[in-house]
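3D, please:
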Amino acid sequence: MKTSYLTDLTCSVCGKVFSIHKAHTFCPDCQATLISNYDLNAVRSEVDRDKIRIRPKGMWRWHEVLPVQDAEKIVSLGEGDTPLLSIPRVGNELGLANLFVKDESNNPTGSFKARGLCAAVSRANELGIKKVIIPTAGNAGGAMAAYAARAGMQALVYMPKDTPNANIQESRIAGAEVILVDGLISDAAKMAGIKAREEGWFDVSTFKEPYRVEGKKIMGYELAEAFDWTLPDVILYPTGGGTGLVGMWKAFAEMETLGWLADTKRPRIISVQAEGCAPIPKAFHAGASFCDFWPGAQTVASGLRVPKSFADRIILSNIRESNGTAVAVSDEALMQAQKKLAAMEGIFAAPEGAACLAALEELVKQKWVKPDEKIVIFNTGSGLKYLDQVVQ
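Predicted coordinates:
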């Protein structure tokens, strides 16, 4: 069976086509994200959806719609197939009958970043790349370091000085060189970009290479499978760079084309950010098509401290296509939600994941969600990685 049905890459703005046989970052003309395309008609005729369920567990059982051509080049640590957990006690308190958490903390390196970096590093490995670089707010650095170590690549990580210590140490123990930056992820990105250009490192920054979003999109495939090939009514997703949000929306479109969905009604997407760094909610509610840079970004949820996503236009477009919304929550509210999830359901969520519960509480008050709707909160990582920052 064919490993991947990847055909080409196209610019998300101008539509220019790029070959999959060369390493690419983003469209040089538009400074825009490249999108991976697959021969979905061939997948539809040659792949039995229901046989994917009985393959060995993990993200790569969906290999036909992932970008690696040679299975021997896949660099895996057992990512994917995270649990979808019912949380009835919290649901009862909120008057919601069908509330779930997709718990990404079970991934390697303790967060959903494993999915995207697994895909990016595997594809880089296939293309013969030997050294990779990333700016990170925390979890992406540790994930890249781990997969680079497994692939035998050099890894260089730029991260803010006040990044959670767990992220710093997990990157270093995996052999990555870690450079701590006096500033935000945007400052780290500038430094990493210069280093990449000057010394030939391959930059796997969010949306500045094509394949991280492909790993993240598999969360969408897993959701559909878990709900017997239907989709939930509402998804709450903590949005920093936004690869998972964009990736899942792409997955829903692919599954529609493949004819794999029993019902083509798509979820309403809620993008969740922190009040101290909320460029997406601000732009969404202003009716803007892009985000302004958020000055003085500050929140205990380090993964949400992203002043401007490289793919802000795509994120805002996807939210609007879904008839969704964008919500900003206070640090106090997300920390209270973190305690509630742990005390009532035994789930020690990362602050970014807890922010989704805080946002849902607001949407319930506004009657934006209905009591019988099927609602999924994404917990993007383990709270254990933030012990020094948020847990009191």
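
those helices in the stretch 201-350 of the chain, which residues are they?
Along the stretch 201-350 of the chain, counting by DSSP state H, counting those that start in this stretch, helices occupy 212-226, 243-258, 279-285, 312-321, 331-345.

Can you give me the neighbour number for the nearest residue to V65 once chain neighbours are set aside?
Distance criterion C-beta to C-beta, 6 or more residues apart in numbering; nearest residue to V65, sequence neighbours excluded, is Y38 at 5.7 Å. Every C-beta, even on glycine, is put in place using the N, C-alpha and C of the backbone. Neighbour count of Y38, defined by other C-beta atoms under 10 Å: 20.

all strands of the stretch 101-250 of the chain, in order?
131-135, 154-160, 177-181, 202-203, 234-238 (DSSP state E, counting those that start in this stretch).

Need the helices of the stretch 201-350 of the chain in TSV (columns: mean pLDDT and distance to Q169).
Shown next, in TSV, are the helices of the stretch 201-350 of the chain (pLDDT from 0 to 100; distance: least, C-beta to C-beta, whole Å):
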stretch	mean pLDDT	distance to Q169
helix 212-226	98	23
helix 243-258	97	24
helix 279-285	98	30
helix 312-321	97	31
helix 331-345	97	22
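
Which of those sits closest to V181?
Nearest to V181 among the helices of the stretch 201-350 of the chain is helix 279-285 (19.9 Å), distances taken as C-beta to C-beta.

What is the neighbour count of V157?
V157 has 28 nearby residues by other C-beta under 10 Å.

In terms of secondary structure, what does the lowest-mean-pLDDT helix or strand in the chain contact?
Taking mean pLDDT, DSSP states H and E as the measure, the helix or strand of the chain with the lowest value is helix 185-199, at a mean of 92. If you count contacts as 3 or more C-beta pairs under 8 Å, 6 or more residues apart in numbering; DSSP states H and E, helix 185-199 packs onto strand 131-135, strand 154-160, strand 177-181, strand 202-203.

if you compare the ones you listed, which one is most tucked away?
With neighbours defined as mean count of other C-beta atoms under 10 Å, the helices and strands packed on helix 185-199 peak in mean count at strand 131-135, which reaches a mean of 26.

Each with direction, which strands does that strand pair with?
strand 154-160 (parallel), strand 202-203 (parallel) (DSSP bridges).

quick check: angle from it to strand 177-181?
20 degrees (axes from the mean of the first three to the mean of the last three C-alpha atoms, to 10 degrees).

can I get the CA coordinates of stretch 163-176 in PDB?
C-alpha atoms of stretch 163-176 as PDB (Å, rounded to 0.1, in the frame of the first residue of the first chain):
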ATOM      1  CA  THR A 163       9.700  29.900  29.700                       C
ATOM      2  CA  PRO A 164       8.700  27.100  32.200                       C
ATOM      3  CA  ASN A 165      11.800  25.400  33.500                       C
ATOM      4  CA  ALA A 166      10.500  22.000  32.400                       C
ATOM      5  CA  ASN A 167      10.500  23.100  28.800                       C
ATOM      6  CA  ILE A 168      14.100  24.400  29.000                       C
ATOM      7  CA  GLN A 169      15.400  21.300  30.700                       C
ATOM      8  CA  GLU A 170      13.600  18.800  28.400                       C
ATOM      9  CA  SER A 171      15.100  20.500  25.400                       C
ATOM     10  CA  ARG A 172      18.600  20.500  26.900                       C
ATOM     11  CA  ILE A 173      18.500  16.900  28.100                       C
ATOM     12  CA  ALA A 174      17.500  15.800  24.500                       C
ATOM     13  CA  GLY A 175      20.800  17.400  23.300                       C
ATOM     14  CA  ALA A 176      19.400  20.600  21.800                       C
END
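
mean confidence for that stretch?
Averaging pLDDT along stretch 163-176 gives 94.

what does it contact?
Here stretch 163-176 makes contact (C-beta atoms under 8 Å, 6 or more residues apart in numbering) with 109, 136-139, 141-142, 144-146, 148-149, 155-157, 159, 178, 180, 302, 384-389.

rerun that using 6 Å as the cut-off
138, 141-142, 145-146, 149, 155, 157, 178, 385-386, 388-389 (C-beta atoms under 6 Å, 6 or more residues apart in numbering).
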